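Peer 1: What follows is a predicted protein model with its sequence.
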There are 2 protein chains.
Amino acid sequence: MSSKRIIIVGAGPAGLAAAGVLARLGASVTLIDKDPDMGGHLSKWHQLFPDRSSAQILLEQLVSEVPDEVSRIMGREVIGGNVRTNQVDLKLDEGTWITGDGLLLATGFDLFDAHRKEEYGYGIYDNVYTQAEVEQMFENGRIENRSGKIPQSIAFLHCVGSRDQKVGVSYCSKVCCVTGVKQAIEMREKLPDAIIYNFYMDLRMFGQGFEELYHDAQEKYNIRFIRGRISEAAENQQGKVIIKAEDTLTARPLKLTVDMLILLCGMQPSKHTANLADTFGFTTGPDGFLKPLGPSQNTFRTRHPHVMLAGACTGPATLTEAIQAGRSASLALYEQLFNIIN
Amino acid sequence: MSSKRIIIVGAGPAGLAAAGVLARLGASVTLIDKDPDMGGHLSKWHQLFPDRSSAQILLEQLVSEVPDEVSRIMGREVIGGNVRTNQVDLKLDEGTWITGDGLLLATGFDLFDAHRKEEYGYGIYDNVYTQAEVEQMFENGRIENRSGKIPQSIAFLHCVGSRDQKVGVSYCSKVCCVTGVKQAIEMREKLPDAIIYNFYMDLRMFGQGFEELYHDAQEKYNIRFIRGRISEAAENQQGKVIIKAEDTLTARPLKLTVDMLILLCGMQPSKHTANLADTFGFTTGPDGFLKPLGPSQNTFRTRHPHVMLAGACTGPATLTEAIQAGRSASLALYEQLFNIIN
């Protein structure tokens, strides 16, 4: 079995899972990431849904499964290249080229830029945050606003940059709902007397353990769920956030003042994914994510038999899905390159 | 590389995907299913969500990827056996035993038994159906009720045996929402003048293309969505179904008469899964599904290193997820049995 050189772009959960599998199966693997550290978004997270397990421990496990023989090129972006019949040439941002027999793209996602929903005042008012910033608060162990005060009322707003045709995003980002519910529970544990709201459209608690978490949030943790979208936020003289919404279940307008407004931002194709799609002519869907060849059993294939896709570069994905996709796509690449004909 | 004997129980999408992978990787595979034909629930379906692709074509592709060398034992149920340190012995219902080095369980799900929600009259009234029966109507190309009449008004009821603690099911079955929306669109295409309702709690259109399908259902296909759960159904003298519900968005009670009521039933662990869990002492979760060792990257492992789980025997899953899980779990089993140490 002659060795094959496989390049994996993206060292998040999908890319790490793939690197581990392909190296163990005997390929010569190079893992490239634009960030200096491995893990992608996972490295910035505190606890995972629905079981509140540690993001750090999962990351360490994924990294530990990547053998030492895997070359790591960190802090470098792929800025150009060619995909030929049996070879891939990639140009890195510092000018060098790297060549492989196969390519696995796991370039992940960016969180929707909350500034784009100007009506919520992110970046304008002090006390409007994203779920990523809240995760860092949990990681640091301190829940306080930018003036160092402990919030007594908190509102989470679901679907920021999801299901919103005004910003050109028609799809659902799938993981924000459960993240909002998980973070609300964590807030309650840290702030037993705070009032905590979740403003939602539909609560998409579809995954294993998600619905149970939502029940707990309602019944054990006294989180207030309001079905309605916030129309706008403003700041008062005390730096509190005034939000206007409609409770669609009671059909009444609402005006609330909270100490902290947290925007649950959706997932978008990462800029890096978009650049690579342009450079290499990879197909993207109307949502901008990389589009695999087919549905169901072909969610990882491209029109190039030796180029596979995995994880959130193909669309919103849970961590488990990203890892499964990384494993499944690397198996397909292994079968392709090592001539195990399907 | 000495060959290893792997037994796969379940010839639905997850089991078929696994059989293809393991056989191509060089294992000696035996595929067992209690049904005489391969495909599980997929073989009874007409079109898949969200893209309306043919269930039959996907099934043929999955079957065609299973090499001829794979032994098939169809129409036989596993009724007993032992899992030992490096060997698995399974007893079949006709009395023979079969032995393997590794075991992959892909025993799938059963649809929730609609009779258990007596208040909806399934099995009592003529014109109450399940989504599986509707799929057969589409397959047969004839939409008519049991007296041979073409329905002019149809109501789909979501969450039958899902998110319903009265019947001991607290989880969400994840795929019924999108199935109901897909079937409503198909109904509209066949019956342009019918009135078509969807009664839902939350529309969980989380997957790629799901939300877009829901938009189309509202905007292009004129499906009426009512947020509310039907409390009961009755039959009138003309054989029509009278349903009582509350529209939770307008907070008004509703009483409607329809020609056809379609119950979107949730997913449960299959009886076969439950029996095997009992026989072998496999761990099950509070929902009755087989419980893998861990979340995230360990969704396929059991406490026996040579026994893996895949697909809907571990919880509700989409077809894509079941196929990915089959591939991912078979890779783990291959690594385990062929000593490719993690």
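Peer 2: Thanks, I have the structure now.
Peer 1: Contact residues of the stretch 151-300 of chain A facing chain B?
Peer 2: Residues of the stretch 151-300 of chain A lying close to chain B by CB under 8 Å from any CB of the partner chain are A:163, A:170-172, A:174, A:202-212, A:215, A:248-251, A:285, A:287, A:289, A:295-297, A:299. Every residue, glycine included, has its C-beta placed from N, CA and C.
Peer 1: For chain A, which helix extends over the most residues?
Peer 2: If each helix of chain A is counted by residues according to DSSP state H, the longest one is helix A:319-337.
Peer 1: pLDDT-wise, which helix or strand of chain A ranks last?
Peer 2: Least confident helix or strand of chain A, by mean pLDDT, DSSP states H and E, is helix A:271-280 with a mean of 90.
Peer 1: sorry, back to before: report the buried members of the residues of the stretch 151-300 of chain A next to chain B.
Peer 2: Burial by neighbour count, 16 or more other CB atoms under 10 Å in any protein chain shown: within these this picks out A:163, A:171-172, A:174, A:202-212, A:215, A:248, A:287, A:289, A:295-297, A:299.
Peer 1: Take those residues and keep only those in helices.
Peer 2: Filtering these for helices - DSSP H - leaves A:Phe210, A:Glu211, A:Glu212, A:His215.
Peer 1: ok, of those, which one's closest to A:His46?
Peer 2: A:Phe210 (18.3 Å; CB to CB).
Peer 1: show me the contacts for A:Leu157.
Peer 2: The contact partners of A:Leu157, taken as CB atoms under 8 Å, 6 or more residues apart in numbering or on different chains, are A:Tyr120, A:Phe199, A:Arg229, A:Ile230, A:Leu261, A:Ile262, A:Leu263, A:Leu264.
Peer 1: should've said A:Phe156
Peer 2: A:Gly180, A:Gln183, A:Ala184, A:Ile196, A:Tyr197, A:Asn198, A:Phe199, A:Ile262, A:Leu264.
Peer 1: re the thing from before, can you tell me which of the ones in helices among the buried ones among the residues of the stretch 151-300 of chain A next to chain B is nearest B:Phe225?
Peer 2: Once CB to CB is applied, the member of those that ends up nearest B:Phe225 is A:Glu211, at 20.6 Å.
Peer 1: quick one: that closest one and A:Lys182, what's the gap?
Peer 2: Distance of A:Glu211 to A:Lys182, given as CB to CB, to the nearest Å: 13 Å.
Peer 1: And for A:Pro269?
Peer 2: 24 Å.
Peer 1: do the same with A:Gly148
Peer 2: Distance from A:Gly148 to A:Lys182, by CB to CB: 25 Å.
Peer 1: which of those two has more neighbours?
Peer 2: Between A:Gly148 and A:Lys182, counted using other CB atoms under 10 Å in any protein chain shown, the more crowded position is A:Lys182 (23 against 7).
Peer 1: Which stretches in chain A count as helices?
Peer 2: Ranges of helices in chain A, per DSSP H, are A:13-24, A:55-64, A:131-140, A:176-190, A:210-219, A:271-280, A:319-337.
Peer 1: which other helices and strands contact the first one?
Peer 2: Judged by 3 or more CB pairs under 8 Å, 6 or more residues apart in numbering or on different chains; DSSP states H and E, the packing partners of helix A:13-24 are strand A:5-9, strand A:28-33, helix A:55-64, strand A:102-105, helix A:319-337, helix B:319-337.
Peer 1: State the mean pLDDT of stretch A:125-135.
Peer 2: What stretch A:125-135 shows for mean pLDDT is 97.
Peer 1: Quick check: end-to-end length of it?
Peer 2: Stretch A:125-135 stretches 19 Å from its first residue to its last (CA to CA, to the nearest Å).
Peer 1: got it, and stretch A:239-259?
Peer 2: Criterion CA to CA; first-to-last residue distance in stretch A:239-259 is 8 Å.
Peer 1: Also stretch A:50-57?
Peer 2: End-to-end distance for stretch A:50-57, by CA to CA: 15 Å.
Peer 1: With stretch A:200-215 instead?
Peer 2: 15 Å.
Peer 1: Run the chain-centre distance for that stretch.
Peer 2: 18 Å (CA atoms, centre = their mean, to the nearest Å).
Peer 1: which other residues reach that stretch?
Peer 2: So stretch A:200-215 is contacted by A:49-51, A:158-159, A:163, A:172, A:174, A:177-178, A:180-182, A:185, A:225-229, A:318, A:320, B:163, B:170-172, B:174, B:202-206, B:285, B:287, B:289, B:314-316 (CB under 8 Å, 6+ apart).
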